[in-house]
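**Q** Okay, structure incoming, though there's no sequence with it:
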């Protein structure tokens, strides 16, 4: 008699073996249950599944599948601080709750919810569209040079990357196109630092990297970004040089200097226009932490004496730079502007992604004063700048201590509409804030439309934003709002869904098409295709509604007609039905003119109906009662 095969321990035991505390072979049925005739069942592996889900949640965006960015937004909300969860307990428990949470400020969920309302079967997935104009196209010269470029960039200085003349040209482009919106650098100081940096090329200090090189590299990179639609090798070297310097500053033991913080502001702003959402958000959060470490969020007259901020290390600058460095540190306006820029970038990147923003507790820094516009006459008030919108933007935080209600949001919307900007980039910032407040209003009260006067002002600002976007595309100004604002305007117009909004829809699509023609990137192609899909679905829904109304009128037209026209109407209906059967045509989408002849006679007989627009009544949603009829 042969010995029985010994049982092998399985990773998962059946419930019967677990209760009897016996080894389980892991089969179906296992050997023990087969011998005893017991029912063999296995419990779900909850522990393993949970660890797997946690592993997936911890993956970075680069390790996720192609459409993983759509999954990153809900995972981020689930990992939000407890304050967010306490504000709305259902947010982390269901997909509907996640969408409702993102709806507050993020345009991603707004697009998703709009698509679900129009056509649930073909709605776009939850993801960010038109985040920016997309990754920059590589110029042919850079493509040919890529094989010879080292994988790990060799540390260098800015004086070895570009000449002083080229740096001056790029700086002029920066102050012409970027500074009107991001006004935190001093033009005179920048050109002074350029002259001193290249003037010391013969001294030994030129061989060492300096913290202010990060600022100069950032300014030069913006100059290339706003003058060329294709990236070149010089811009890549500038970006890598700045990145090397700024990454070292994060690991440094000393307090970050004002030069390092300024370089990080430029880096976060550049990444917002050229990089992925996750990369830009991480840079903006790092910037906020550096602001806190440097004490720029605190209002003080002498930051060096208070031990909050230090200048660049003495060994990295000459004696002639001491006065300039001390001036940048002690200037209260410089400190306020850096803090304001960091708040602006982190707030809006976090809003767009539906992620938590960095809030520095105990901040006492004042808002920067408005910079006077030299082109305006002296009697005019100083122009409103980017920092003027900061309090309105930060009050939209849905996780804040006092979420805004409908009256407060309408007051905020009116305040935004009252501001008059002339700079195209600031018009886009204003339009973006206006669209965010409108989305908040719809989220709180989707069935309570705005007043006609306020809605007209919203559409007027949207039209100004579209015009500004087209002008900036023509002048090679790839602000991220150039892509984001036209796309969000399309979605908002479809949500408003009245005659004035639909009349502006063609202008919005034309703007989006011009952006696509100038920056033909996968991101812009996807945004344009999604906007086209939303409009097509909206049209299909309108056609379905029209057919339903036409069918109701066709069925009830005979009973509603006057007696002297019933015979004619019956004959016309019979002929129409016979012709329809012979031709085997599809069901008619619109009723014939003969069926509405009695309506025309009715409006002639009743003077109160002479101003009634029949086409508008049949084709659009008209509020009832009708004010023009006095009903």
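**A** Received, thanks. Predicted, not measured: the structure shown is a model, and the values here were computed from it.

**Q** Relative to residue 506, how far out is residue 526?
**A** 21 Å (C-beta to C-beta, to the nearest Å). Backbone N, C-alpha and C define where each C-beta goes, glycine included.

**Q** In the longest helix belonging to the chain, which residues have enough neighbours to count as buried?
**A** Using DSSP state H to define each element, the chain has its longest helix at helix 522-560. For helix 522-560, the neighbour count (16 or more other C-beta atoms under 10 Å) marks 523-524, 527-528, 530-531, 533-535, 537-538, 550, 554, 557 as buried.

**Q** Just send those back as CSV, with distance to residue 239 and pLDDT too.
**A** Listed next are these as CSV, based on distance: C-beta to C-beta, whole Å; pLDDT from 0 to 100:
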residue, distance to residue 239, pLDDT
523, 19, 90
524, 22, 92
527, 25, 90
528, 28, 92
530, 30, 88
531, 31, 91
533, 35, 88
534, 35, 88
535, 38, 91
537, 40, 88
538, 41, 89
550, 60, 91
554, 66, 87
557, 69, 81
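
**Q** Confirm that residue 266 sits in a strand.
**A** No: counting by DSSP: H, G, I helix; E, B strand; the rest coil, residue 266 falls outside a strand, being helix.

**Q** how about the nearest residue to it, chain neighbours excluded?
**A** Nearest residue to residue 266, sequence neighbours excluded (C-beta to C-beta, 6 or more residues apart in numbering): residue 218, at 2.9 Å.

**Q** Which per-residue confidence value corresponds to that neighbour?
**A** Per-residue pLDDT puts residue 218 at 96.

**Q** Show me what the helix or strand containing it is packed up against.
**A** Taking DSSP states H and E as the definition, one finds residue 218 inside helix 212-225. Under the contact criterion of 3 or more C-beta pairs under 8 Å, 6 or more residues apart in numbering; DSSP states H and E, helix 212-225 touches helix 164-177, helix 187-199, helix 233-251, helix 258-274.

**Q** now the angle between helix 187-199 and it, please.
**A** Helix 212-225 and helix 187-199 are oriented at 110 degrees to each other (axes from the mean of the first three to the mean of the last three C-alpha atoms, to 10 degrees).

**Q** Could you look up the next helix or strand downstream of helix 212-225?
**A** Next element after helix 212-225 (DSSP H and E): strand 230-231.

**Q** partner strands of that following strand, parallel or antiparallel?
**A** Sheet pairing here is set by DSSP bridges, and for strand 230-231 it gives strand 137-138 (parallel).

**Q** ok, back up a step: can you tell me which of the helices and strands packed on helix 212-225 is most buried?
**A** Neighbour counts (mean count of other C-beta atoms under 10 Å) averaged over each of the helices and strands packed on helix 212-225 peak at helix 258-274, with a mean of 25.

**Q** can you pull the buried residues of stretch 385-401?
**A** 385-390, 392-393, 396-399.

**Q** Keep only those of these that are in helices.
**A** 390, 392-393.

**Q** what would these look like in TSV with pLDDT and distance to residue 421?
**A** TSV is the format used below for those (pLDDT from 0 to 100; distance: C-beta to C-beta, whole Å):
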residue	pLDDT	distance to residue 421
390	90	15
392	88	14
393	89	15
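
**Q** angle of the helix holding residue 218 against helix 233-251?
**A** Using the same axes, to 10 degrees: helix 212-225 against helix 233-251 is 140 degrees.

**Q** tell me the phi and psi of the nearest residue to residue 521 once chain neighbours are set aside?
**A** For residue 521, ignoring the flanking residues on the chain, the nearest one in space by C-beta to C-beta, 6+ apart is residue 134 at 2.8 Å. Taking degrees, to the nearest 10, you get phi 110, psi 170 for the backbone angles of residue 134.

**Q** Could you check how far residue 134 is from residue 243?
**A** Counting by C-beta to C-beta - residue 134 and residue 243 are separated by 20 Å.

**Q** go on, residue 222?
**A** 15 Å.

**Q** rewinding a little: isn't the residue nearest to residue 266 right up against residue 263?
**A** Yes: if you go by C-beta atoms under 8 Å, residue 218 and residue 263 touch, sitting 5.8 Å apart.

**Q** Name the residues contacting each of these two.
**A** Each of residue 242 lies in contact with both residue 218 and residue 263 under the rule C-beta atoms under 8 Å, 6 or more residues apart in numbering.

**Q** Spit out the contact partners of the closest residue in space to residue 368 that isn't next to it in sequence.
**A** Residue nearest to residue 368 in three dimensions, not counting chain neighbours: residue 336, with 4.3 Å by C-beta to C-beta, 6+ apart. With contact taken as C-beta under 8 Å, 6+ apart, residue 336 is in contact with 365-368, 387.

**Q** of those, closest to residue 279?
**A** Among the contacts of residue 336, residue 387 lies closest to residue 279 (C-beta to C-beta), at 24.9 Å.

**Q** these two touch, right, that closest one and residue 333?
**A** No: counting by C-beta under 8 Å, residue 333 is not a contact partner of residue 387; they are 10.6 Å apart.

**Q** any residues in contact with both of these two?
**A** Contacts common to residue 387 and residue 333, judged by C-beta under 8 Å, 6+ apart, are residue 368.

**Q** Give me the angle between the helix holding residue 218 and helix 258-274.
**A** Going by the same axes, to 10 degrees, helix 212-225 makes 20 degrees with helix 258-274.

**Q** Just want the angle from helix 212-225 to helix 164-177.
**A** 70 degrees.

**Q** Would you check that residue 522 makes contact with residue 134?
**A** Yes: the criterion here is C-beta under 8 Å, and residue 522 meets it with residue 134 at 6.3 Å.

**Q** Throw the helices and strands packed on helix 212-225 into JSON lines and include distance to residue 450 and mean pLDDT, thanks.
**A** Below are these laid out as JSON lines (distance: least, C-beta to C-beta, whole Å; pLDDT from 0 to 100):
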{"stretch": "helix 164-177", "distance to residue 450": "34", "mean pLDDT": "96"}
{"stretch": "helix 187-199", "distance to residue 450": "42", "mean pLDDT": "92"}
{"stretch": "helix 233-251", "distance to residue 450": "44", "mean pLDDT": "92"}
{"stretch": "helix 258-274", "distance to residue 450": "30", "mean pLDDT": "96"}
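
**Q** Reformat those as JSON lines; add distance to residue 38.
**A** Listed next are the helices and strands packed on helix 212-225 as JSON lines, based on distance: least, C-beta to C-beta, whole Å:
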{"stretch": "helix 164-177", "distance to residue 38": "78"}
{"stretch": "helix 187-199", "distance to residue 38": "82"}
{"stretch": "helix 233-251", "distance to residue 38": "61"}
{"stretch": "helix 258-274", "distance to residue 38": "62"}
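
**Q** Break the chain into its domains for me.
**A** 71-103, 137-353, 404-538, 561-629 (automatic domain parsing).

**Q** If you average pLDDT over each of those, which is lowest?
**A** Looking at the domains of the chain, the bottom one is domain 71-103 with a mean of 38.

**Q** what's residue 496 in contact with, if anything?
**A** 455, 459.

**Q** can you rerun that using 10 Å?
**A** 438, 442, 449-450, 455, 458-459, 462, 502, 504-505 (C-beta atoms under 10 Å, 6 or more residues apart in numbering).

**Q** Filter the residues you listed down to the buried ones.
**A** Here, 16+ other C-beta under 10 Å leaves 438, 442, 450, 455, 458-459, 462, 502, 504-505 buried among these.
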